[in-house]
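> Mind looking at a prediction? Sequence and model below.
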Amino acid sequence: MDELKEKLLALGVNEDQIDGVIEAFVDFIKGKLPDGMEGMVQGLLDGNGSDANDLLDQAKGLFGG
């Protein structure tokens, strides 16, 4: 999450607004995902690497992979 904050700062996002921007982005992404994947995205953002593999596997399944 720190890496994302650094990138947003580099883009000129006000430091006081970064947490709100990230929260809005995460909520947007979660709203676009199939049921059951929201928790995996949150785990990935929280730094749980095992969720990244689960998320990729489920995404592959959505596209027949």
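Structure received.
> contacts and neighbour counts: CA atoms only from here.
Fine.
> Local confidence estimate at residue 21?
Per-residue confidence at residue 21 stands at 92 (pLDDT).
> Tell me how far it lies from residue 28.
Plainly put, residue 21 is 11 Å away from residue 28 if you go by Cα to Cα, to the nearest Å.
> Neighbour count for these two, which is higher?
residue 21 (15 against 11; other Cα atoms under 10 Å).
> dump the residue contacts of that one.
For residue 21, no contacting residues are found, by Cα atoms under 8 Å, 6 or more residues apart in numbering.
> any idea how far residue 4 is from it?
11 Å.
> what stretches of this structure score poorly on pLDDT?
For the chain, the stretches with pLDDT under 70 are 48-65.
> helix/strand/coil for residue 34?
Recorded secondary structure, residue 34: coil (DSSP: H, G, I helix; E, B strand; the rest coil).
> Measure how buried residue 30 is and give me the count.
Residues near residue 30, counting by other Cα under 10 Å: 18.
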